[in-house]
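> Build the 3D model from these lines:
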Amino acid sequence: MSYYPGAYWVGPGAGRGVFHRLLEFYRLVLVDHVRFARRIVREQRTAGTFAGILDVGCGDGSFLEAFGERPAIGLDWSRTAVDAVRSRGFHAVRGTLPDAPFRDASYSVVTMFHYLEHVAPVRNHLESVRRLLRPGGRLVVQVPNADSWQSRVLRSRWAGYDPPRHLINYSTETLRRTLTKHGFRIVRQTHLSLRDNPTTLVNSLAPQLYPPAMPATGSNGLLRPVGSLAYLAAVSVAAPLCQLEGALGHGAAVMCEAEPLKH
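Numbers count the residues shown, from 1 in each chain. Sure thing, here's the model as predicted:
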């Protein structure tokens with residue numbers, strides 16, 4: 001766990017400085033995540049089967065806050081992450097998925113955004129999801145796409161690999177095969193991710209600009225604010241091209257909706 005610095009769990013917008021707060025764009029750029037998951041909740045509410053959402057590897061709770069549905073709970077092994085989620089007004093539990101203290105069939109939606117690539121083997125984690133989902137429940141899982149156009153062009157410089165934190169490099173096809181192998185049926189998928197596609201490209205080309213990686217201040221105290229503005233500008237410029245990449249099915253991240261098959 002020493003590979004994870006403290007700032008790893010908190011998004012670029014978590015700072016309090018006026019310039020750093022300009023990077024609190026997660027609520028906006030999570031639009032693809034929110035739209036994808038909200039369709040599931042809307043269908044479940046119509047059917048009367050919605051029973052809450054569990055966000056596994058919830059980080060600082062940015063998704064839960066942007067999603068806005070309740071009941072909702074976050075799960076993460078990081079104390080920093082759990083505290084950040086609670087500060088947003090959501091319940092959060094510290095722990096790992098295989099050991100999570102939840103009753104069977106507790107949730108109708110489980111989300112995993114950039115979680116599965118951090119764990120190996122995945123069997124216990126996906127079995128835990130199957131145990132926690134109610135009948136008719138859905139899993140939403142997103143991982144970096146190692147077969148994206150970005151990864152093909154940038155090769156070892158591509159930030160989506162992120163060794164040694166990422167233990168498995170998934171492509172769209174290997175993610176689908178993994179889910180199928182462990183008892184899930186793929187319902188739909190997307191490569192659109194306004195949060196992940198442009199930031200992965202910028203993090204690949206200019207990793208020194210990523211806000212959590214920058215020193216708190218420079219010699220004149222302006223290093224982080226100026227760097228944060230530069231990062232925001234770079235991401236904004238990259239966004240249209242990267243969304244096109246995603247729309248054509250080759251985005252830097254792939255997100256799937258899957259349903260557990262009956263035992």
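
> Quick check: which element contains residue 55?
In this structure, residue 55 sits in strand 53-56 according to DSSP states H and E.

> So what touches that strand?
Strand 53-56 is contacted by residues 37, 41, 61, 63-64, 67, 69, 71-76, 97, 102, 106-113, 115, 129, 132 when judged by C-beta atoms under 8 Å, 6 or more residues apart in numbering. C-betas here are computed from N, CA, C, even on glycine.

> hey, which helix or strand in the protein has the poorest pLDDT?
The helix or strand of the chain with the poorest confidence is helix 26-29; it has a mean of 71 (mean pLDDT, DSSP states H and E).

> Centre of the chain to stretch 253-263, how far?
Once both centres are worked out by C-alpha atoms, centre = their mean, to the nearest Å, stretch 253-263 turns out to sit 16 Å from its chain's centre.

> what's the average pLDDT for it?
Along stretch 253-263, the predicted confidence averages to a pLDDT of 92.

> and the strand holding residue 55, which strands flank it?
Sheet neighbours of strand 53-56, with direction, are listed as strand 72-76 (parallel), strand 107-113 (parallel) (DSSP bridges).

> Keeping just the C-alphas, turn that strand into CSV.
C-alpha atoms of strand 53-56 as CSV (Å, rounded to 0.1, in the frame of the first residue of the first chain):
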residue,chain,number,x,y,z
ILE,A,53,-26.0,1.9,-4.5
LEU,A,54,-22.6,0.8,-3.2
ASP,A,55,-19.6,2.5,-4.7
VAL,A,56,-16.5,0.3,-4.3
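
> Check which helices and strands the strand ranked longest in the chain sits against.
Among the segments of the chain that qualify as a strand by DSSP state E, the longest is strand 133-144. In terms of contact count using 3 or more C-beta pairs under 8 Å, 6 or more residues apart in numbering; DSSP states H and E, strand 133-144 is assigned the packing partners helix 31-47, strand 107-113, helix 172-181, helix 196-205, strand 253-260.
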